[in-house]
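Student: no FASTA, just this:
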């Protein structure tokens, strides 16, 4: 019984100890483990809701026309990841029998016992699946607007299998990194570093979004579609991270509840310090003029990632320093990635890979082996010497190399299998130019470019000029339908449209631009590109398709032939005349 009580984390207990539980009475076992299971399940549910936070963050960071596709990819993480983890992932991570490299049993796990052991198995399974799903979804935001949807689905399935190996090394009772003495409390290495490195390799092979770095498109084309969505995603991740870190105690009995409470305070303190540093960084960078939402969000997330590995083994006051440095590492890492012209849409490289590395190093520097409820050597600054720091550096190198090996092999082989060209795997990984220009929502998912109904503010572009009855966006919609019949034909026939139709479409876009200049909005100077994102995308697509040397005729106005246009005009007049 004493050996059982000394096992602080049931997920790391040996099979012999688990068998010993069967010899105990229900009164000795079921009470404590029912409490632990409740804690574990609650934390798992919270962690899985972080998928929504990642989705909102990624959706807000992308360009209009890709929001639905982003949320579909986050759904794919759970759909395909759950199958992969059940069939192979859990067995590789924690299956018995096992060796220091991988587990060799418990594939498609099911328990032969109806008592305590089945509860231990199932609670550990769902908790670690929530970690695995997080590791894959990190890549989703980094490859936004470029990776084929079904390539990403295949990645979601396979990545879980390769995630399981570092999870075994670091968390299984006989994992080789754990037995050597390396320490990672809540996934700084197997989750965040693994996911961040995978994403870096992916964006390297995919290349940047068209026009991102070559100056052929203005920077305004790549502005986030919704900063509100980014902030809402941050809040969901922020609170979910508390479940992520506190749930890693794998229970609340014994001393585990003490570790959980300490982890919670460390997590919150670190984000406070990281947020202050991010605000200062953004204001300094803009010389006190602009506080960028992206800087603040990534600074806070960098602090959160830092705490994942270290939150159980440091004092609360130390979290202020670690969180502040973690924010700087994340922001500096993203700046470096940008200088290298790697197109990371959400800034996940600095946040997850950079801050994940810092969190693992922090264990080797600040870990206090005398704190209650933990079994770890003391770090360098606690008199433990270089031993733990060396092991943490080894874990960083091994996990990074493993992630590079997997992701490069996976994306390269998948790309050449689709493109049938071993010299150009990118062709098999990337979406078509039409899909990138029009957006995956319309091209892949059939989601309309425009809402069927729009309110008065979106239809009437100016109160000062009564002739401005239809907004620039609505003009673009009507012109697109007249020119190409998008409602019926879709995007598949886009390439085959005649030069006459392309010329007509470009003429209508000129009319849209004139309307924009003639009918400025009250709250801002209207820029054509800003007022109609879809029109700009279609214009760029038409430019790609038009034959070289073609010079479409220009007219000052376009005669409207669409009954839909007249209906919209009548609707606008009726709406404005209706009594308030």
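Tutor: Sure thing, it's come through. Please read these numbers as outputs of a predicted model, since none were measured by experiment.

Student: show me where the stretch 101-250 of the chain has helices.
Tutor: 116-142, 149-171, 176-180, 194-206, 227-246 (DSSP state H, counting those that start in this stretch).

Student: what is the first one packed up against?
Tutor: The contact analysis (3 or more CB pairs under 8 Å, 6 or more residues apart in numbering; DSSP states H and E) places helix 116-142 against helix 15-22, helix 26-61, helix 67-84, helix 90-94, helix 149-171, helix 194-206, helix 348. No exception for glycine: its C-beta is placed from N, CA and C like everyone else's.

Student: columns mean pLDDT, distance to residue 121 and mean neighbour count on top of those, output as TSV?
Tutor: Below are these laid out as TSV (pLDDT from 0 to 100; distance: least, CB to CB, whole Å; neighbours: other CB atoms under 10 Å):
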stretch	mean pLDDT	distance to residue 121	mean neighbour count
helix 15-22	39	9	14
helix 26-61	84	11	19
helix 67-84	94	16	21
helix 90-94	95	9	26
helix 149-171	97	15	23
helix 194-206	96	24	24
helix 348	94	32	34
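
Student: among those, which comes closest to residue 265?
Tutor: With CB to CB as the measure, helix 26-61 is the member of these nearest residue 265 (16.6 Å).

Student: residues contacting residue 39?
Tutor: Remark: with contacts taken as CB atoms under 8 Å, 6 or more residues apart in numbering, residue 39 is in contact with 247, 249, 251, 252, 260.

Student: quick check, the first one in contact with residue 37.
Tutor: The one in question is residue 247. No: assessed by CB atoms under 8 Å, residue 247 is found out of contact with residue 37, at 11.7 Å.

Student: could the helices of the stretch 101-250 of the chain go into TSV alongside distance to residue 381?
Tutor: Compiled in TSV, the helices of the stretch 101-250 of the chain are given as follows (distance: least, CB to CB, whole Å):
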stretch	distance to residue 381
helix 116-142	28
helix 149-171	22
helix 176-180	21
helix 194-206	26
helix 227-246	22
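
Student: out of those, which gets nearest to residue 441?
Tutor: Among these, if distance is taken as CB to CB, the winner is helix 149-171, at 11.1 Å.

Student: and that closest one, how far out from the chain's middle?
Tutor: 15 Å (CA atoms, centre = their mean, to the nearest Å).

Student: now swap in stretch 267-286 and tell me
Tutor: Distance of stretch 267-286 from its chain centroid, counting by CA atoms, centre = their mean, is 21 Å.

Student: same check on stretch 69-82?
Tutor: Offset of stretch 69-82 from its chain centre (CA atoms, centre = their mean): 11 Å.

Student: do stretch 37-57 as well
Tutor: 14 Å.

Student: quick one: closest of the helices and strands packed on helix 116-142 to residue 239.
Tutor: Residue 239 sits nearest to helix 26-61 of all those, at 7.7 Å, using CB to CB.

Student: could you list the low-confidence segments of the chain?
Tutor: For the chain, applying pLDDT under 70 flags the ranges 1-32, 112-115, 216, 218, 220, 448-580.

Student: ok, residues contacting stretch 312-322?
Tutor: 183, 185-186, 245, 248-249, 259, 262-263, 265-267, 269-270, 272-273, 303, 306-307, 310-311, 358-359, 362-363, 366-369, 371, 373-374, 376.

Student: now the buried members of these.
Tutor: The neighbour count (16 or more other CB atoms under 10 Å) marks 183, 185-186, 245, 248-249, 259, 262-263, 266-267, 269-270, 272-273, 303, 306-307, 310-311, 358-359, 362-363, 366-369, 371, 373-374, 376 as buried among the contacts of stretch 312-322.

Student: now, which of those residues lie within strands?
Tutor: Among the buried ones among the contacts of stretch 312-322, none falls in strands (DSSP state E).

Student: mind listing which of these are in helices?
Tutor: Using DSSP state H, 245, 259, 262-263, 266-267, 269-270, 272-273, 303, 306-307, 310, 358-359, 362-363, 366 are the members of the buried ones among the contacts of stretch 312-322 that sit in helices.

Student: quick check: chain neighbours aside, which residue is closest to residue 88?
Tutor: Nearest residue to residue 88 in three dimensions, chain neighbours excluded: residue 161, at 5.1 Å (CB to CB, 6 or more residues apart in numbering).

Student: got the buried residues for stretch 331-346?
Tutor: Quick answer for stretch 331-346 (16+ other CB under 10 Å): 331, 333, 334, 337, 342, 343, 344, 345, 346.

Student: and the protein, what are its domains?
Tutor: Split into domains by automatic domain parsing, the chain comes to 2-419, 448-577.

Student: residues contacting residue 136?
Tutor: Going by CB under 8 Å, 6+ apart, residue 136 touches 77, 81, 155, 156, 159, 160, 163, 195.

Student: tell me which of these is nearest to residue 394?
Tutor: Among the contacts of residue 136, and counting by CB to CB, the member closest to residue 394 is residue 163, at 18.9 Å.

Student: against residue 134, how distant is the closest one?
Tutor: For residue 163, the distance to residue 134 equals 10 Å [CB to CB, to the nearest Å].

Student: what do those two both touch?
Tutor: Listed contacts common to residue 163 and residue 134 are residue 191; contacts here mean CB under 8 Å, 6+ apart.

Student: do a quick rundown of the helices in the stretch 301-450 of the chain.
Tutor: According to DSSP H, counting those that start in this stretch, the helices that the stretch 301-450 of the chain contains are 318-339, 348, 355-366, 387-419, 426-429, 433-438, 440-443.

Student: would you mind finding the most buried of those?
Tutor: Of all the helices of the stretch 301-450 of the chain, helix 348 has the most neighbours on average by mean count of other CB atoms under 10 Å, namely a mean of 34.

Student: list of residues touching that helix?
Tutor: 138, 139, 141, 142, 195, 196, 199.

Student: quick one, what contacts residue 264?
Tutor: 242, 245, 246.

Student: now these in TSV, please, with extra columns for distance to residue 392.
Tutor: As requested, those are exported to TSV (distance: CB to CB, whole Å):
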residue	distance to residue 392
242	24
245	18
246	22
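
Student: just the residues you listed now: which is nearest residue 384?
Tutor: Residue 384 lies nearest to residue 245 out of the contacts of residue 264, by CB to CB, at 22.6 Å.

Student: gap between that closest one and residue 301?
Tutor: Residue 245 is 14 Å from residue 301, by CB to CB.

Student: cool, residue 275 as well?
Tutor: Counting by CB to CB, the gap from residue 275 to residue 301 is 10 Å.

Student: the more surrounded of the two?
Tutor: For residue 275 versus residue 301, the count of surrounding residues by other CB atoms under 10 Å is larger for residue 301: 29 against 19.

Student: quick check: that one touching residue 351?
Tutor: Yes: with contacts counted by CB under 8 Å, residue 301 reaches residue 351, the gap being 4.7 Å.

Student: where do the contact lists of the two overlap?
Tutor: With CB under 8 Å, 6+ apart as the test, residue 301 and residue 351 both reach residue 330.

Student: need the nearest residue in space to residue 50, chain neighbours excluded.
Tutor: In space, residue 50 is closest to residue 240, 3.8 Å off (CB to CB, 6+ apart).

Student: next one: residue 195
Tutor: Setting aside the residues directly before and after it, residue 195 is nearest to residue 138 in space (CB to CB, 6+ apart), at 3.2 Å.

Student: how many other residues sit next to that neighbour?
Tutor: Residue 138 has 28 nearby residues by other CB under 10 Å.
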